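Peer 1: quick check, what structure comes out for this input:
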Amino acid sequence: MKKLDPEKSIYELTEEYPELIGILKDIGFPGIKNPLVRKTVGKRMTLSGGCLRQGKNLDEVFEILSKSGFKIVSSINITDA
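Peer 2: Numbers count the residues shown, from 1 in each chain. Okay, here's the model as predicted:
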């Protein structure tokens, strides 16, 4: 299963998993198909941020990605102080 960190940039994710471009386009992120958009806006935008900006339900997007073979993981470590 492919691990996907929603806090990575869209650019990083699509470079690692090019098949995400078509999946995200189908979910409702039409700009993802444009290489210039991915290389500019995509370097500053995370998957979580893109969902928020586009008004997408993050849980629904994660569910679609899970059904497409991705496991959602986080690189954020939360520890008790």
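
Peer 1: what about the strands in this protein?
Peer 2: Assigned by DSSP state E, the strands in the chain fall at 2-4, 70-72.

Peer 1: can you list the strands that the last one pairs with?
Peer 2: For strand 70-72, the paired strands and their directions (DSSP bridges) are strand 2-4 (parallel).

Peer 1: and the gap between the nearest residue to Lys39 once chain neighbours are set aside and Glu60?
Peer 2: Excluding the flanking residues, the one nearest Lys39 by C-beta to C-beta, 6 or more residues apart in numbering is Tyr11, at 6.3 Å. For every residue, glycine as well, the C-beta is placed using N, CA and C. Between Tyr11 and Glu60 the computed distance is 23 Å (C-beta to C-beta, to the nearest Å).

Peer 1: ok, Gln54 next?
Peer 2: According to C-beta to C-beta, Gln54 and Glu60 sit 12 Å apart.

Peer 1: repeat for Gly31
Peer 2: Taking C-beta to C-beta, one finds Gly31 at 19 Å from Glu60.

Peer 1: pick out whichever of the two has more residues nearby.
Peer 2: Counting neighbours by other C-beta atoms under 10 Å for Gly31 and for Glu60 shows that Gly31 has the greater number, 16 against 11.
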